[in-house]
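> Any chance you could fold what I've pasted below:
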Amino acid sequence: MKTAIKFKGFSLLVLLSFLMLSCNNDDDDSPLPPVKPNIVELAQSVPDLGLLVDALIQADAGLVEVLSGDGPFTVFAPTNAAFTDLLDQLGADYNSLADFDTADEKALLAKILTY
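Alright, predicted model coming up:
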């Protein structure tokens with residue numbers, strides 16, 4: 001009987017030790033991991049991709065909404081210099097992205113962006 005009481009006492013001591021060790025304050029006040037930006041937000045944060053964002057908006061083909069959603073996506077992002085070269089190649093009718101103002105021109109811009 002004394003052995004059973006000693007065993008219960010020892011078991012209770014071990015159980016209390018485990019409980020006390022497991023109740024430490026492990027709640028650190030570190031911030032949550034940062035949320036990864038979507039492709040449009042990432043492009044907006046890079047100055048050399050400003051014309052890409054403008055082109056996505058100007059094309060008015062739902063590309064901003066698609067690229068703002070869940071991916072995965074692979075985007076080969078043309079720089080501002082690439083868009084400047086494109087406008088030069090298209091000729092005098094296209095001095096800026098704002099010149100893609102008709103439905104056909106917006107469709108052309110969307111086709112260029114999705115190529």
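> ok, residue 77 touching residue 50?
No - the criterion here is Cβ atoms under 8 Å, and residue 77 misses it with residue 50 at 11.0 Å. Glycine gets a C-beta too; all of them are placed from N, C-alpha and C.
> pLDDT weak spots in this protein?
The model of the chain has pLDDT under 70 over residues 1-2, 4, 6-7, 9-10, 12-16, 18-29.
> Could you name the helices and strands sitting against the helix or strand where residue 66 lies?
Taking DSSP states H and E as the criterion, residue 66 maps to helix 63-68. Using 3 or more Cβ pairs under 8 Å, 6 or more residues apart in numbering; DSSP states H and E as the contact test, the elements touching helix 63-68 are helix 39-44, helix 50-59, helix 103-114.
> can you put these in CSV and add mean neighbour count and distance to residue 17?
Below are the helices and strands packed on helix 63-68 laid out as CSV (neighbours: other Cβ atoms under 10 Å; distance: least, Cβ to Cβ, whole Å):
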stretch, mean neighbour count, distance to residue 17
helix 39-44, 17, 50
helix 50-59, 19, 60
helix 103-114, 14, 64
